[in-house]
Structures are given as structure tokens and as C-alpha cells.
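S.K.: Return atomic coordinates for the entry below.
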Amino acid sequence: MSGIKLIFFLFPLKKDDANTTNNENSLPEFVGHVPNVTVQVGREARLACIIRNLSTYSAAWIHDDLKIILTLQTHIITRDPRISLLEESQIDSQTAGSYVGLNGNDFLPQQMPGLSTEMMMMNRIRYFILVIRNVQFSDRGGYMCQVNTVPLLKQIGYLNVVVPPDIIDHESSNDVLVREGDNVTLKCKARGYPEPIIEVCLFVCVCICM
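M.R.: Numbering: from 1, shown residues only. Below is the predicted model of the structure:
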């Protein structure tokens, strides 16, 4: 997964700047939690970050283990073509709620008397749904949704990648013909994640003569 290495993310606003740009009642807050997601290798993974009152702050997705910035606001920073953001126009409250375990009522806008239409738009709920297509085992790990408030606002969800079990033929035994009473060694090698449990079943052929 290629991208920009993270040193100090987004140059957080100074406290004085933050106070003049956003009042205390309009500081960003997460709606729900970034979920932990388990997908099979080759499938698509979606991690949801939902923020209320983002206002003039910026949100980013970061691969927490690799310290790589993946997205900034609606811009894709990584060069990995498998990474994208779901268009906000395609998301409704019920769909977003299903990602973070909430219902649509949790997405109702807060009542803020006296706010202008412009401020109401700035304080609306924002959806940042990270999409990873053709998931690879190397994609597993923590994914951080971060807002450049002071102090930084962040949540981490974990992507677990499952690899289906598969028999490694060239490391496993083929058919073996032995005499009755002789010893025989059979090998079965498999790969997968989590590590597969191998069970050996004995099939007995019984010949009935009439």
C-alpha cells in the first residue's frame, strides 16, 4: 500500500485559531465508533467514520500501522488504486448507521438556534466511508480516522483479513500403495489465516463377497 508517510499530520490549528474559527458548541465529534471489520481476502472492505460539526476542520484516514495518509477530506492521497471514498451523495442515515451500529435517529442534526444557513451546512454530519477493494492479507491492521482539532480527535478501527484454508498439494502426500501390516507416513500441508486445523479421516473399503 503506497502513500505519503506521516510525520506530523495536517499541522493542527493553534488553540487561538481554533477558538476564533469554531465556538465550543460546534467542535467536531464522532457519531458512533469506527468499527472493526473482518473480510475474506479478495473481497471489499468498508470502514466508516462519521463526524458531526466538522465545520472548517479536516478529516483524514491513516493506516495506523504504516503511518501512511490514505485520504484527506474527499481527496485520495495514496497511490494505491484500490483505495477510495464512498461518495457522500450515495449514503443515507440508515446505510451509515449500519456501518457503525446505530439507527437513523442518531443522525438527526443538533438544534442550534441562531445559526445561519451557512453555519448549519458547516455543522452537518459528514460521512467518510473508506473503501478497500480486492483486500490483501497485507492490508490488515489499524485504520485511523483523524480530525485536526487541538488536541487531535481520532478513532481507530481494525481490519482483519481471513485467508480461506487451502491444501498445498506439492507438500502433501499422494496416493500410496503398501502391503498390509507395513507402516506408512502421510503428510498433509495446508495454508490459511487463521491457521487451519487439519483432521485426518480414515476411509475403510469393505469388500462383501456373495
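
S.K.: secondary structure class for the closest residue to Pro194 other than its chain neighbours?
M.R.: Of all residues not flanking Pro194 in the chain, Val162 sits nearest, at 7.4 Å (Cβ to Cβ, 6 or more residues apart in numbering). Every C-beta, even on glycine, is put in place using the N, C-alpha and C of the backbone. What DSSP: H, G, I helix; E, B strand; the rest coil gives for Val162 is strand.

S.K.: Against Ser138, how distant is Val162?
M.R.: Distance from Val162 to Ser138, counting by Cβ to Cβ, to the nearest Å: 14 Å.

S.K.: Next: Val163.
M.R.: Distance from Val163 to Ser138, by Cβ to Cβ: 11 Å.

S.K.: Likewise for Leu153?
M.R.: 28 Å.

S.K.: now swap in Pro35 and tell me
M.R.: Counting by Cβ to Cβ, the gap from Pro35 to Ser138 is 21 Å.

S.K.: The two - which one has more neighbours?
M.R.: More crowded of Pro35 and Ser138, by other Cβ atoms under 10 Å: Pro35, with 18 against 10.

S.K.: from what I can see the more buried one touches Ile50, true?
M.R.: No: under the criterion of Cβ atoms under 8 Å, Pro35 is not in contact with Ile50, lying 10.7 Å apart.

S.K.: Count the residues that sit near the residue nearest to Pro194.
M.R.: Residues near Val162, counting by other Cβ under 10 Å, number 16.

S.K.: For it, which residues are in contact?
M.R.: By Cβ atoms under 8 Å, 6 or more residues apart in numbering, the contact set of Val162 is Thr38, Val39, Gln40, Val41, Tyr193, Pro194.
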